[in-house]
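> what follows is a predicted structure for the sequence shown.
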Amino acid sequence: MSLRIFNTLSGRAEVFEPLGTPVRIYCCGMTPKFHPHIGHARLFVDVDFMRRTLEHLGYEVRHVQNFTDIDDKTILRAEEEGITAEEVARKYTESYFASMAQLAVKPADEYPTVTGYMERIIQFVERLVEKGFGYVVGGDVWFSVSRFPDYGKLSGRAGDAGLIGVRKDLEPGKRDPRDFALWKAAKPGEPSWRSPWGPGRPGWHIECSTMVRETLGDQIDIHCGAEDLIFPHHENEIAQSEALTGLEPFAKYWPHVGWVTAEGEKMSHSLWNFVTLQDVLERFDPAAVRLFLLQTHYRSPLAFSEEGLAASSRSLPALRAAYGQEENVPGVAEISSESALHLLQRFDAQLEDDFNSPGAVGVMFETAHEVNRASDADRDQVRAVLRRMVEVLGLPLSARRSEPASTETILLIEFLIELRAELRQEKQWVLADKVRDGLKALGIVLKDGPQGTIWEREDREGRSAVI
RNA sequence: GGCGACGUAGCCAAGUGGUUAAGGCAGGGGUCUGCAAAACCCCUAUCGUCGGUUCGAUUCCGACCGUCGCCUCCA
């Protein structure tokens, strides 16, 4: 088997054949104009899962993700908050990193920003003008779509069809309704940068073309982002980049991540119907949030729901128990148990089928059950495989939210367990149960097993940890 | 209007032209336990509707119904 990736460019899944090593991935990041919401989390968790899959399958990966730290929205937000656009970008970029760390999203290798690449963006626009793909009107620079015959190949909006829906009222100076801004002259009071065309700032699409080229090269393997970026953003990126370099494809594979909806509608900052990640991570275990997101395939629409999050939370204790605590488990390479290897193969097959995370999650749960079913001889091996699966899915199972219990608390609990053991020996069931119920009320759960009684702390929705 | 996605058990969600249609949550029965908890075993789906192709379709094609999205800033 080999990895297959759905490519928006061709409209079907294709066998993944990288251009070289490392595999170069660029992901359109966020505009830090507010706290990230669940929709952002979905994109970045899914992309992180793709990256982990590639690494698991033996590829070396170089992953770049940008921040659009200056645009109309950050400027607007700055006015609302009474701070500078720069401060807005910094504040919400920090919020992004805080939430992503909780979700165990691996950091990208580089996080370019618009402001950090301003000179090179300007040079990129200059080259496009020189080559006749851009034209200057006043302080604005426009990309001339008619000069790029391949326009529309990603989104399927070509020719006349592409015209429909484009803003009807032609902006002053535009020669063709499809043309889009490479550089926008600054309005009074707006942040601006000096350029050959006067003070202004980059159009929305040129930043990504520039940053891809500067950080990864003229042609890359995978360019991802959310579905809504297909048109016009990614379409325009292709036009700019391929026009400049004369090389195609600009990016070989274009997987696009689907929506998160809230109450039947697409969740978005502009509709104000979003749930911030901060808020969700406050109320639910980060591992449950990540699991919830991964339980839907990246291309399918995902309906946000508290019930879904709660269901994912409830599935964690069993998974954590099978995952185990401190035990040393063998490395995946040393595994000989046939059932363990078979499970891993089935897991990999799901990954290779266009990053089928729900399928992979299914195999992971089967593996967790197999840990309990396996013979003593095989258990560690199955557990090792389970741990690898959890790692590839990136579930932060071992992250612990609550404060560790103090030594005194632990001694006290152990004393009560001893006391209860004696009561049980004397068949003083009422008193023994009173101890157990009392601890339960404090969030301490006792479990009697063949080796004695163990205790766990129940934190939040369905979360428990052996301490 | 143009382009596209989706409709599988109570809920969420994979998947397949023909043996038993994953997995999670919820529910039911059982084993274990002093009772629980955990764990394990078992049970719960004629795959939106109507046609067509086929020896055979939930899976392919068409129509219809329903839900959602992009075409304007959007992850």
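Structure's in. What do you need?
> use CA for all of it now, contacts and neighbours both
Will do.
> lowest-pLDDT helix or strand in chain A?
strand A:464-466 (a mean of 39; mean pLDDT, DSSP states H and E).
> how about the nearest residue to the most centrally placed residue in chain A, chain neighbours excluded?
With distances taken as Cα atoms, centre = their mean, A:F44 lies nearest the centre of chain A, 1.5 Å away. Once flanking residues are discounted, A:F44 sits nearest to A:V105: 7.2 Å by Cα to Cα, 6 or more residues apart in numbering.
> same check, this time on A:Y253
Counting by Cα to Cα, 6+ apart, the residue nearest A:Y253 is A:I222, at 4.7 Å.
> pLDDT below threshold where in the stretch 51-200 of chain A?
A:158-170 (pLDDT under 70).
> quick one, helices of the stretch 1-150 of chain A?
With DSSP state H, counting those that start in this stretch as the definition, the stretch 1-150 of chain A shows helices at residue ranges A:38-56, A:72-81, A:85-102, A:118-130.
> switch these over to a markdown table; also include distance to A:Q451.
Formatted as a markdown table, these follow (distance: least, Cα to Cα, whole Å):
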| stretch | distance to A:Q451 |
| --- | --- |
| helix A:38-56 | 37 |
| helix A:72-81 | 59 |
| helix A:85-102 | 35 |
| helix A:118-130 | 65 |
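> who wins for proximity to A:V385 among those helices?
helix A:38-56 (12.5 Å; Cα to Cα).
> now do that closest one: which elements does it pack against?
strand A:61-65, strand A:220-226, strand A:260-262, helix A:286-294, helix A:376-393 (3 or more Cα pairs under 8 Å, 6 or more residues apart in numbering; DSSP states H and E).
> quick one: average pLDDT of the shortest one?
Average pLDDT, strand A:260-262: 90.
> go through the helices of the stretch 1-150 of chain A and name the closest to RNA strand B.
The closest of those to RNA strand B is helix A:38-56. By Cα to the nearest atom of the strand, the value is 3.5 Å.
> what residues of the closest one count as buried?
Neighbour-count burial for helix A:38-56, counted by 16 or more other Cα atoms under 10 Å, picks out A:38-54, A:56.
> which outside residues touch it?
A:27, A:30, A:60-61, A:63, A:100, A:103, A:105-106, A:224-226, A:257-260, A:267-268, A:274-277, A:290, A:293-294, A:298, A:304, A:351, A:355, A:392-394 (Cα atoms under 8 Å, 6 or more residues apart in numbering).
> run the last query once more with 7 Å
The contact list for helix A:38-56, computed with Cα atoms under 7 Å, 6 or more residues apart in numbering, reads A:61, A:105-106, A:226, A:257, A:259-260, A:267, A:275-277, A:293, A:298, A:351, A:355, A:392-394.
> angle of that helix against helix A:286-294?
Here the directions of helix A:38-56 and helix A:286-294 differ by 90 degrees (axes from the mean of the first three to the mean of the last three Cα atoms, to 10 degrees).
> pull helix A:38-56 out as CSV, backbone CA atoms only.
Provided in CSV are the C-alpha atoms of helix A:38-56 (Å, rounded to 0.1, in the frame of the first residue of the first chain):
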residue,chain,number,x,y,z
ILE,A,38,-13.1,25.3,17.0
GLY,A,39,-12.9,25.6,13.3
HIS,A,40,-9.3,26.7,13.4
ALA,A,41,-8.6,23.9,15.8
ARG,A,42,-10.0,21.5,13.3
LEU,A,43,-7.8,22.7,10.5
PHE,A,44,-4.6,22.7,12.5
VAL,A,45,-5.3,19.4,14.2
ASP,A,46,-6.1,17.7,10.9
VAL,A,47,-3.0,19.2,9.3
ASP,A,48,-0.9,18.1,12.3
PHE,A,49,-2.4,14.6,11.9
MET,A,50,-1.3,14.6,8.2
ARG,A,51,2.2,15.7,9.2
ARG,A,52,2.4,13.0,11.9
THR,A,53,1.1,10.4,9.4
LEU,A,54,3.8,11.4,6.9
GLU,A,55,6.5,11.1,9.6
HIS,A,56,5.1,7.8,10.8
